[in-house]
Structures are given as structure tokens and as C-alpha cells.
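Asks: Structure for the following, please:
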Amino acid sequence: MTLHKQRGVNLVELMVASVIGLILIAGVLSIFVSSKMTYFSNEKMARLQENGRVALNLVSFDVRASGYSGCARAVPFTSSLNSSTTLLWNYAIPLQGFENTGTATWAPTVGITLAPAAVDNSDIIVARTVRRDTIAMRVESDLAGLTSDPAVLTTMASAPTVGQIMMITDCTATSVFQVTGYTAGSPNSTIQHASGGSDPGNSTGELGNLYRAGSRVASLQTVIYYVGNDPATGQPALYRQIGAAAAELLIEGVEAIQFAYGLDTNGDRLADQYVAANNVTNWDNVLSVNYALLVRSEEIGSQVDAKTYQLLPAAAGGRTLGPFSDRRSRMVFTSTIALRNRAL
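Replies: Numbers count the residues shown, from 1 in each chain. Coordinates of the predicted model:
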């Protein structure tokens, strides 16, 4: 018998092999697509959570430190500044909020023009606080008169600049003024506060109190947080304005922010109720702030966002937002901050 060796495959075997190969390739592609979608979703949520946490930390830092007035809380306060009752320069009020009450309207009235403009369904908060990354300076000798320039022991890191807003304080009084000059010396330097100067300027050169050696001098700033639309992209973002400087974009994707203010109604230094800004009659009674941020992803996904989001209780001025019916992911971040210089 003659044996013949097989020299190829028949059509059926070829088709079976092709089908098996296609199944294996489809499985590999399915795993790859699934892994890619999972990675994309995780990355999107990670960025969303990171933006929310950073936004919370930025707002909390300035709000928590608002209203510093030295070693005593209830002491006489004097401001030498012009326009000392306007939003940017009213350091007698440590914190102020503004509740959105309609299309481009806030209560109470903001009083300045924000650029870019604040968006609707979002509140505005103003914190007046010690300037970040500065060192308080010690007054080295008693002031001879109300117009005397404080002699301070400084370093280059803490040297004030002309136009800077500063506070001098001890346990009996607090005064706010604008620096009109600085003379470096050894070992002590002097800070001038004559009447006049740049915006806002000093209405008087008097400090209102004869401060003694050991008093502290610190830099102040007014910080405004709000949500606006980025002019370059048209997308919402968290903005911060410091003093009269231009607002800076901090965090992209912040779509709305709502604030409620904890009031002490019986003088026990505890927050008894939370209300919207337009229901606060005395900002000195605000001991804490409850706030919520709605943050959306920058990337567009596959699922339509049909959910609604509650930013604080309605009784405290909170809002229900959505559904947005787009394909972005969203998350609400909340925090409650005690004002250290009021609650303690």
C-alpha cells in the first residue's frame, strides 16, 4: 500500500482556523477597549476629585483665617484708609457673602465689577485676612505720637512695599493703614503711613492709638472667590480676586458654588443656624461657613448626565441644579469651616 503525506489543509480546516483566530482577536480587542475605557473613566474621576479637593482647600484657607485682629477680639478698631466702608477696603468686617437672587443680581449688592462676571446660580464670598506667606513684624519701641512711624525689626522676606495694606495691633486696639514709604535700617526699619498715597490711600496719618513696643504689624488682603466663565474657552471656573488686582483663574470645571453662614444667635460662641448671605444682619455674628461646590469633568464621556445636584439645603439658600443632559461627569464637594478668629 502506498501512503501519501498530507501537503496542506482543506477548506473546512481553513475556515475553522480563521474563525478561531477572529474570536481570539475579538477577545483581545474587547479586553483592550474595556481597559482603555476603565482607564479613561478612572482618570476623569481622579481629575474631577483633585479639582474639587484643591478648590475646597483654597477657599477654606482664606475663609478660615478671616478677621485676624491680634491677641484680642473685641477691641477698638480704626482704619486710616479712604473708602474704608467699601467692599475692597472694609477691614472692620472680616467676612461678607453675596447671595445670587436672579439674573446677574446678588444680595446685598456686590458694589464692584468682577471680570469675568460671576455666573448665576452661584454665590460670592469676600474674606479679609492676613496676607499669605508673610511674617508679622514686631514693633521695637513705643510710638511717640499718633502720627509716628512704627519702628520694626524686619528681614528682606517681610519688608513691606509702598501701597501695601497693613494692620498694627496689640491687646487693646487695632488700626489699619496703607504703607506710603519704608525706610530700611539696622537693626530697625520704619514704616510710613502719611495721608494720601495710591488707591485707596490714607485719609489721615494718625493711627488712632499709641501703640507700644511689642505690638505686631501684619499685611492684610481682601480675597474674593466666585465662579465665572473663562473668556478664552467659555467654560466655568473658580476665580479669585485679591484686592483691586485682576481676578485669576484657579480651578477649571467649577460650575457653581453656594455658601451658608453659621450665626450665633444667643452669644454662646456656637453656630445656632445656617442662613443665606441676604439673611445675615450682622456679620460679626458669623462663626462658620458651610459651602458646596459643583465640579464637572473637562472630558466628555459616553453617558448623558440626567441627575440633579443639591448644593446645600434650600432653607439655607441652597440650590438644586440639573439635569444638564450633557455627557460630562459631575460631583458635589462640601465643607464646613470655623472662622478661627471668631469661633475661638
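
Asks: going forward, measure contacts between C-alpha atoms and count neighbours the same way
Replies: OK.

Asks: Just give the number of residues close to residue 134.
Replies: When neighbours are defined as other Cα atoms under 10 Å, residue 134 has 14 of them.

Asks: List of residues touching stretch 235-255?
Replies: Residues from elsewhere that reach stretch 235-255 (Cα atoms under 8 Å, 6 or more residues apart in numbering): 51-52, 54-55, 88, 114-116, 221-230, 293-298.

Asks: Just the buried residues of those residues.
Replies: 51-52, 55, 88, 116, 221-230, 293-298 (16 or more other Cα atoms under 10 Å).

Asks: Just the ones in helices from those residues, please.
Replies: When DSSP state H is applied, the buried ones among the contacts of stretch 235-255 are split such that 51, 52, 55 fall in helices.

Asks: Can you add distance to residue 103 and pLDDT and give those residues back as CSV?
Replies: Putting these into CSV (distance: Cα to Cα, whole Å; pLDDT from 0 to 100) gives the following:
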residue, distance to residue 103, pLDDT
51, 27, 93
52, 26, 93
55, 25, 95
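
Asks: wait, which of those is closest to residue 139?
Replies: Residue 139 has its nearest neighbour among those in residue 55, at 36.3 Å by Cα to Cα.

Asks: Shouldn't residue 57 be within a helix?
Replies: Yes - membership of residue 57 in a helix is supported by DSSP: H, G, I helix; E, B strand; the rest coil.

Asks: measure it to residue 337 for me?
Replies: Applying Cα to Cα, to the nearest Å, the value for residue 57 to residue 337 is 10 Å.

Asks: Where in this protein is the helix or strand with the lowest mean pLDDT?
Replies: Using mean pLDDT, DSSP states H and E, helix 340-343 stands out as the lowest-scoring helix or strand of the chain, at a mean of 76.

Asks: got the buried residues for that helix?
Replies: For helix 340-343, by 16+ other Cα under 10 Å, it's 341, 342.

Asks: any idea whether residue 28 is helix, strand or coil?
Replies: With three-state DSSP as the criterion, residue 28 reads helix.

Asks: Who are the contact partners of the closest residue to residue 100 other than its chain neighbours?
Replies: Leaving out its chain neighbours, the residue that sits closest to residue 100 by Cα to Cα, 6 or more residues apart in numbering is residue 106, at 4.3 Å. Contacts for residue 106 (Cα under 8 Å, 6+ apart) come out as 98, 99, 100, 123.

Asks: about what we covered before: just the ones of the contacts of stretch 235-255 in strands?
Replies: Taking DSSP state E, the ones among the contacts of stretch 235-255 that sit in strands are 221-229, 293-296.

Asks: from memory residue 206 sits against residue 80, does it?
Replies: Yes - Residue 206 is within contact range of residue 80, at 7.1 Å (criterion: Cα atoms under 8 Å).

Asks: Mind telling me what element residue 60 is part of?
Replies: Following DSSP states H and E, one finds residue 60 within helix 11-64.

Asks: Against which helices or strands is that helix packed?
Replies: strand 124-130, strand 248-252, strand 286-296, strand 330-338 (3 or more Cα pairs under 8 Å, 6 or more residues apart in numbering; DSSP states H and E).

Asks: where's residue 253 relative to residue 232, distance?
Replies: Computed as Cα to Cα, the residue 253 to residue 232 distance reads 14 Å.

Asks: residues in contact with residue 158?
Replies: With Cα under 8 Å, 6+ apart, residue 158 has these contacts: 134, 135, 136, 137.

Asks: what's near enough to touch the most centrally placed residue in the chain?
Replies: Centroid-nearest residue in the chain: residue 59, 2.8 Å away (criterion: Cα atoms, centre = their mean). By Cα under 8 Å, 6+ apart, the contact list for residue 59 reads residue 225.

Asks: how near is it to residue 105?
Replies: Separation of residue 59 from residue 105 (Cα to Cα) stands at 22 Å.

Asks: Return the set of buried residues in stretch 178-191.
Replies: Buried residues in stretch 178-191, counting neighbours by 16+ other Cα under 10 Å, are found at 178, 179, 180, 181, 182, 184, 188, 189, 190, 191.

Asks: Output these as TSV; include the columns distance to residue 31 and pLDDT.
Replies: Formatted as TSV, these follow (distance: Cα to Cα, whole Å; pLDDT from 0 to 100):
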residue	distance to residue 31	pLDDT
178	65	97
179	66	96
180	68	96
181	69	95
182	68	92
184	69	88
188	71	89
189	70	92
190	71	94
191	69	95
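
Asks: Tell me the one among those residues nearest to residue 65.
Replies: Using Cα to Cα, residue 178 comes nearest to residue 65 of these, at 20.6 Å.

Asks: Now that that closest one has come up, it's in contact with residue 201, right?
Replies: Yes - Residue 178 is within contact range of residue 201, at 6.3 Å (criterion: Cα under 8 Å).

Asks: shared neighbours of these two, anything?
Replies: Common neighbours of residue 178 and residue 201 (Cα under 8 Å, 6+ apart) are 81, 163.

Asks: elements contacting the least confident helix or strand of the chain?
Replies: Applying 3+ Cα pairs under 8 Å, 6+ apart, one finds that helix 340-343 contacts strand 286-296.

Asks: Residue 151 and residue 168 touch, don't they?
Replies: No - if you go by Cα under 8 Å, residue 151 and residue 168 don't touch, sitting 11.5 Å apart.

Asks: Now do residue 244 against residue 221, distance only.
Replies: Applying Cα to Cα, the value for residue 244 to residue 221 is 10 Å.
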